[in-house]
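Engineer: Here you go, sequence then predicted model.
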Amino acid sequence: MKTAKTTRAAATSPDPARPQADATWLLLFGSWLIATASSLGALYFSEVMDMPPCVLCWYQRIAMFPLVLLLPAGLFPLDRRVVRYTLPLALAGCGVALFHVLLVAGVIPEEIRPCNQGVPCADSPVIGFGFVTIPLLSLVAFGAIAVLLVLAHSRSSK
């Protein structure tokens, strides 16, 4: 038979799974913040600054924009399985962004360039510090999202 003292003690005792859930939630929320800021930045560059996106930028947007909608679905309520759906998008976007950075840097030979018409993929303006380009920003964003998602997955599997 439970007494008031044991019920009160059970209610105030710390839940050992709670800190892990809080950390997982924060990691997923951080991923969502990066995805949202990146999506808004991409829209700002194309719509406000009138910088049309190249083909590779479109592929990166295709990987980034769904993250803005998928990550909150795993936050409210916390569903750790959202990593299974979002990590492949982040890794695909990271791969395209890495290819784009190498193309802008001149590492990729001219014969492999994917843009035949429209805005050339290799012409990415420098937007800060003398070396920061839009593809580099995209690579950093996708990389950070991927790292946060892997950390969230490792936290949830403990």
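Structural biologist: Cool, got the structure.

Engineer: Going by neighbour count, which residues in stretch 84-96 are buried?
Structural biologist: With burial defined by 16 or more other CB atoms under 10 Å, the residues of stretch 84-96 counted as buried are 86-87, 89-91, 93-94, 96. Every C-beta, even on glycine, is put in place using the N, C-alpha and C of the backbone.

Engineer: Let me have the residues you listed in TSV, extended by distance to Pro109, secondary structure and pLDDT.
Structural biologist: Output for those, formatted as TSV (distance: CB to CB, whole Å; DSSP: H, G, I helix; E, B strand; the rest coil; pLDDT from 0 to 100):
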residue	distance to Pro109	secondary structure	pLDDT
Thr86	33	helix	96
Leu87	31	helix	96
Leu89	28	helix	97
Ala90	27	helix	97
Leu91	25	helix	97
Gly93	23	helix	97
Cys94	22	helix	97
Val96	18	helix	96
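
Engineer: Pull the number of nearby residues for Met64.
Structural biologist: Here the count is done by other CB atoms under 10 Å, and Met64 has 24 residues near it.

Engineer: and if you look at the one 3 residues further on?
Structural biologist: Neighbours of Leu67 under the rule other CB under 10 Å: 26.

Engineer: For it, pull up the helix or strand it's in.
Structural biologist: Using DSSP states H and E, Leu67 maps to helix 55-73.

Engineer: Tell me the buried residues in that helix?
Structural biologist: By neighbour count on 16+ other CB under 10 Å, the buried set for helix 55-73 is 55-57, 59-61, 63-68, 70-71.

Engineer: And for it, what's in contact with it?
Structural biologist: With CB atoms under 8 Å, 6 or more residues apart in numbering as the test, helix 55-73 has contacts from 28-29, 31-32, 35-36, 38-39, 42, 53, 79, 82, 85-86, 89-90, 92-93, 96-97, 99-100, 103, 114-115, 118, 121, 134-135, 138, 141-142, 145.

Engineer: So which of those residues belong to helices?
Structural biologist: When DSSP state H is applied, the contacts of helix 55-73 are split such that 28-29, 31-32, 35-36, 38-39, 42, 82, 85-86, 89-90, 92-93, 96-97, 99-100, 103, 134-135, 138, 141-142, 145 fall in helices.
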